[in-house]
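Undergrad: fold the following for me, if possible:
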Amino acid sequence: MKKIKIDCSMITRDPAEASKASKNLEDLGYDGAYTFEGPHEPFLPLAAAALATEKLELSTSIAVAFSRNPMTLANLGYDLQLMSKGRFTLGLGSQIKPHIEKRYSMPWSSPAKRMKEMVHAIKAIWGCWHEGRDLDFRGEFYKHTLMTPFFNPGENPFGIPKIYVAGVGPLMTQAAAEFGDGFIVHPFHTTKFLENITLLSVKKGMDLLCTRFIQLSF
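TA: Numbers count the residues shown, from 1 in each chain. Prediction:
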């Protein structure tokens, strides 16, 4: 019988507050705690929480992907996985075009396709660090081909983190199911929307993943 896990949002106005807040959540029996990118940065509270807890699973839900690049996200995720001793999940979301262009002054185009490439790029960087692969990622939006020993943190004793992707529309939801390790549902939704849009899109993405896996097996 599978265990149902219960997570709780961890909202702080100061990253230092996350030490006490996360320990309280762990003591109350929650399985995980997550931050989100709102008025405050989502990664710093998780660093404090990683040092204050022992079992609590930690994640960003979500960090804005397109305000950053794959290398910075790879660094953050890898270090939080190390600090938490394997309890971190990198949760990414696209945000919307006005915020990316006007608030972050970053490019916006083909969000589902860009997110897919970003996740692959992050995993390629982690593969270089953790498994010793050559870094040679060349995509439409991102290119990572240089990793000198000084900037390589080496193998992570706790493995590489999972990457969850958030989605609302059918294209991003389908893409997230195809290439992400998990899917994050938007907090504002209806049962009808989940049944008619989200679940059908997740199935399409997983069908594509299975088809590709079968093709690679032969």
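Undergrad: okay, CA-based contacts and neighbour counts for the rest of this
TA: Will do.
Undergrad: chain center to stretch 203-210: distance?
TA: 20 Å (C-alpha atoms, centre = their mean, to the nearest Å).
Undergrad: give me the below-cutoff pLDDT ranges for the chain.
TA: For the chain, the stretches flagged by pLDDT under 70 are 1, 212-218.
Undergrad: which residues in it form strands?
TA: 7-9, 32-35, 57-60, 63-64, 88-93, 137-138, 143-144, 162-167, 182-185 (DSSP state E).
Undergrad: export those to TSV and tack on distance to residue 154 and mean neighbour count?
TA: Supplementary listing: these in TSV, determined by distance: least, C-alpha to C-alpha, whole Å; neighbours: other C-alpha atoms under 10 Å:
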stretch	distance to residue 154	mean neighbour count
strand 7-9	31	15
strand 32-35	27	24
strand 57-60	22	27
strand 63-64	25	24
strand 88-93	18	26
strand 137-138	18	14
strand 143-144	17	15
strand 162-167	18	24
strand 182-185	26	17
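Undergrad: can you redo these as TSV with distance to residue 25?
TA: Shown next, in TSV, are the strands of the chain (distance: least, C-alpha to C-alpha, whole Å):
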stretch	distance to residue 25
strand 7-9	8
strand 32-35	8
strand 57-60	11
strand 63-64	21
strand 88-93	16
strand 137-138	39
strand 143-144	39
strand 162-167	22
strand 182-185	21
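Undergrad: out of the ones you listed, nearest to residue 26?
TA: Closest approach to residue 26 among these (C-alpha to C-alpha): strand 32-35, 7.8 Å.
Undergrad: and the closest one, how far from the chain's centre?
TA: For strand 32-35, the gap between its own C-alpha mean and the chain's C-alpha mean amounts to 12 Å (C-alpha atoms, centre = their mean).
Undergrad: surely residue 165 touches residue 186?
TA: No. Under the criterion of C-alpha atoms under 8 Å, residue 165 is not in contact with residue 186, lying 10.5 Å apart.
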